[in-house]
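Need the 3D shape of this:
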Amino acid sequence: MADTVIDFEKAAASVLSKKATDTAFRLAGTDEGPPPVARRKTRGAGVAPIEIDQLYPATEGAHPELLKALGLLADAIALLDQARVAALNNALDADRLVQRVQVLLPTLFTCRRLGDGYGLVINSLHFAFINLRGKPLSKEQINAVWRVLKELRNRPFLTFEQALNCVSEFEEVRLEVDPTVLSELVCNEEGD
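Numbering: from 1, shown residues only. Coordinates of the predicted model:
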């Protein structure tokens, strides 16, 4: 198939800055690294994805909770990636790495103003760890948590319905995402 070139519209001049020696535009406040992609070559009719860090650069005026969440999610994903490798040979090392991810969850939850979907995923993962009562995650569970957090980092503004799909992925690998108190309340309510 032939390469397809997609031209993106250029933003208004007030948002962009141009150096005399540059031929490409750069968002005001960004570093001197490569300019944002103005053309994206793809094969076929598909559109190449734009990296989340390009969509939400760390510039003055950027939403601080979003930047905090993206940074923490990147840290969690890196730890889970290491845990996935460690789980093949050393379950103890894998568990230590997963525990470091668990420690990040309360701070990630402080960014819940990003949306109900974001909050639901983080809260569900928090209760999944609590309900394990110290038992380590299986390889399958580590992979599921890794996949969901990668998805959350790429799409932090999930709708509630999209977040329910992520939570379902936790449940498919036998992670209990509901607080145990909730099930006790429901059982007591039905028994009365």
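
which stretches of the chain have low pLDDT?
Residues of the chain that meet the criterion pLDDT under 70 lie in 1-62, 182-192.

domain ranges for it?
1-50, 64-182 (automatic domain parsing).

Could I get the full set of helices for the protein?
52-55, 64-86, 91-109, 116-132, 139-154, 160-172, 180-191 (DSSP state H).

got those as TSV, with mean neighbour count columns?
In this view, the C-beta of every residue, glycine as well, is placed from N, C-alpha and C. Output for the helices of the chain, formatted as TSV (neighbours: other C-beta atoms under 10 Å):
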stretch	mean neighbour count
helix 52-55	13
helix 64-86	18
helix 91-109	17
helix 116-132	20
helix 139-154	19
helix 160-172	16
helix 180-191	10
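
Please name the nearest non-neighbouring residue to E171.
Distance criterion C-beta to C-beta, 6 or more residues apart in numbering; nearest residue to E171, sequence neighbours excluded, is V177 at 6.3 Å.

Now do the phi/psi pair for the one you found.
With angles defined as degrees, to the nearest 10, V177 sits at phi -100, psi 0.

Check whether it really touches L125, as I assumed.
Yes - at 7.5 Å, V177 and L125 qualify as touching, with contact defined as C-beta atoms under 8 Å.

which residues are common contacts for those two?
Common neighbours of V177 and L125, counting by C-beta atoms under 8 Å, 6 or more residues apart in numbering, are F170.

Quick one: residues contacting G119.
Contacts of G119 (C-beta under 8 Å, 6+ apart): F109, R112.

same thing with L73?
L108, L149, L152, R153, P156.

on that earlier part again, tally of neighbours for the residue nearest to E171?
Applying other C-beta atoms under 10 Å, we find 20 residues neighbouring V177.

so how far is A74 from it?
Here V177 is placed at a distance of 23 Å from A74 (C-beta to C-beta, to the nearest Å).

Same question for T110.
For T110, the distance to A74 - C-beta to C-beta - is 16 Å.

With S124 instead?
Taking C-beta to C-beta, one finds S124 at 20 Å from A74.

before we move on, what about A163?
On the measure of C-beta to C-beta, A163 and A74 end up 19 Å apart.

And for T159?
Distance from T159 to A74, by C-beta to C-beta: 22 Å.

How about the contacts made by the residue nearest to R84 when sequence neighbours are not counted?
Nearest residue to R84, sequence neighbours excluded (C-beta to C-beta, 6+ apart): I142, at 5.6 Å. Applying C-beta under 8 Å, 6+ apart, we find I142 in contact with L80, A83, R84, A87, A94, V98.

Reformat those as a markdown table; add distance to I130.
Formatted as a markdown table, those follow (distance: C-beta to C-beta, whole Å):
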| residue | distance to I130 |
| --- | --- |
| L80 | 18 |
| A83 | 19 |
| R84 | 22 |
| A87 | 21 |
| A94 | 19 |
| V98 | 14 |
